[in-house]
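**Q** predicted structure and sequence below. I'll ask about it afterward.
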Amino acid sequence: MTTKNNVLRIATRKSALALWQAEFVKAELEKFHADLTVELVPMSTKGDKILDTPLAKIGGKGLFVKELEQAMLEGRADIAVHSMKDVPVDFPAGLELHTICEREDPRDAFVSNQYQALADLPAGAVVGTSSLRRQCQIRAMRPDLVIKDLRGNVNTRLAKLDAGEFDAIILAAAGLIRLEMAERIASFVSVEDSLPANGQGAVGIECRSDDAQVQAWLAPLEHSETRMRVLAERAMNRRLEGGCQVPIGAFAEIAGEQLTLRGLVGAVDGSQILRGEQSGPVADAEQLGIRLAETLLAQGADQILAEVYRDN
Ligand SMILES: NCc1[nH]cc(CCC(=O)O)c1CC(=O)O
């Protein structure tokens with residue numbers, strides 16, 4: 001038995017955002033379970049250590065999660081808190097994504113010290129992003145801009161903007177809001193202009209599949225609407241066999257009993273963008289994701305993705 005009585009250990013990366021998310025889950029757990037002690041177990045992952053290579057070129061799925069999963073499998077930790085966006089579609093035997101918490105703002109944020117929005121940037125302005133998804137959508141909209149790779153955690157990226165390396169950078173709004181840096185957001189990029197990544201803005205919790213005690217503790221943190229949205233988005237990504245570094249956008253919304261999923265697959269240079277949409281009952285979330293992926297594949301998404309993988 002790896003779980004001590006009334007102690008739960010959270011494996012977490014050491015970035016400010018990861019620590020914020022782990023502290024958030026700790027606070028929620030302690031709010032619901034007065035007699036529970038929650039400890040953080042911070043660790044570095046491969047994705048944190050390799051900082052000089054564009055993410056898309058490092059390869060390998062789960063760059064940011066393997067070390068955390070090893071800790072859970074070896075009983076050094078009980079749960080791991082992830083940005084859903086960075087969580088691979090498949091889990092190692094013995095572990096599962098058990099809980100999905102309520103989503104923060106899922107949009108991309110435009111951050112600049114001089115300009116209000118993408119539309120205000122002059123021709124030739126330099127925009128920083130490390131995401132192929134953001135890159136292809138910006139290039140499609142504004143082929144006159146220069147896109148440069150931008151790596152590092154949120155603070156590093158902001159420091160590079162402030163040092164003048166870029167005229168603007170694009171980040172997930174959720175990260176800035178959580179780190180209490182919402183004032184850095186010059187404007188939100190609409191989901192029409194930049195379809196978010198699957199799971200963006202949502203926090204998920206992974207644990208051992210057979211750990212009933214930990215799962216009982218996690219139960220009150222579950223947010224069912226977020227779960228259904230993220231299920232649809234991830235199902236689309238999975239059917240497309242997309243990793244986390246691909247020019248794929250997936251974004252679901254729920255109105256009443258109806259879930260609407262929008263999806264996009266693009267060439268990195270923005271020369272081609274395929275879009276689709278599926279609506280249906282919330283309970284069919286995964287089916288809608290699979291169906292949308294299939295309509296995109298029928299339009300040629302597989303060729304576009306094959307080229308992306310070849311180039312990277
Ligand atoms: N890929 C890194 C990553 N993973 C999650 C977030 C932001 C928070 C979130 O989406 O929940 C970010 C930073 C970014 O994309 O700007």
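**A** That came in fine, so what should we check first?

**Q** can you pull the residues of the stretch 51-200 of the chain lying near the ligand?
**A** Residues of the stretch 51-200 of the chain lying near the ligand by C-beta under 6 Å from any ligand atom: 83, 85-86, 171-172, 174-175, 200. Heads up, the C-betas are built off the backbone N, CA and C, glycines and all.

**Q** what about those, which are in strands?
**A** In this view, those that belong to strands under DSSP state E are 83, 171-172.

**Q** hang on, the earlier thing: so which of the residues of the stretch 51-200 of the chain next to the ligand wins on neighbours?
**A** Neighbour counts for those (other C-beta atoms under 10 Å) peak at Q200, which has 27 neighbours.

**Q** so that one touches A172, yeah?
**A** Yes: Q200 sits in contact with A172 when judged by C-beta atoms under 8 Å, with a separation of 5.6 Å.

**Q** who touches both of the two?
**A** Counting by C-beta atoms under 8 Å, 6 or more residues apart in numbering, the common neighbours of Q200 and A172 are 85, 108.

**Q** so which bits of stretch 83-93 are buried?
**A** Within stretch 83-93, the residues scored as buried using 16 or more other C-beta atoms under 10 Å are 83-89.

**Q** how about those residues in TSV, adding distance to P196?
**A** Converted to TSV, the buried residues of stretch 83-93 look like this (distance: C-beta to C-beta, whole Å):
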residue	distance to P196
S83	12
M84	11
K85	8
D86	13
V87	15
P88	18
V89	17
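
**Q** which of those scores worst on pLDDT?
**A** Model confidence across the buried residues of stretch 83-93 bottoms out at V89, which has 77.

**Q** quick one on the thing from earlier: out of the residues of the stretch 51-200 of the chain next to the ligand, what pair is the most spread apart?
**A** Within those, D86 and L171 form the most distant pair, 14.1 Å apart (C-beta to C-beta).

**Q** in what helix or strand does A216 lie?
**A** helix 212-218 (DSSP states H and E).

**Q** to clarify, my last question referred to G204.
**A** strand 203-208.

**Q** the residue lying closest to Q114 once chain neighbours are set aside - how many residues pack around it?
**A** With C-beta to C-beta, 6 or more residues apart in numbering as the criterion, Q114 has its nearest non-adjacent residue at 6.7 Å, and that residue is D167. When counting by other C-beta under 10 Å, one arrives at 20 neighbours for D167.

**Q** is it true that D167 touches G124?
**A** No: in this structure D167 lies outside contact range of G124 using C-beta under 8 Å: 9.0 Å.

**Q** ok, how many other residues are close to the residue nearest to S83 when sequence neighbours are not counted?
**A** Closest residue to S83 apart from its sequence neighbours, by C-beta to C-beta, 6+ apart: V203 at 6.5 Å. V203 has 28 neighbouring residues, counting by other C-beta under 10 Å.

**Q** V203 contacts A80, correct?
**A** No: taking contacts as C-beta under 8 Å, V203 lies outside contact range of A80: 10.9 Å.
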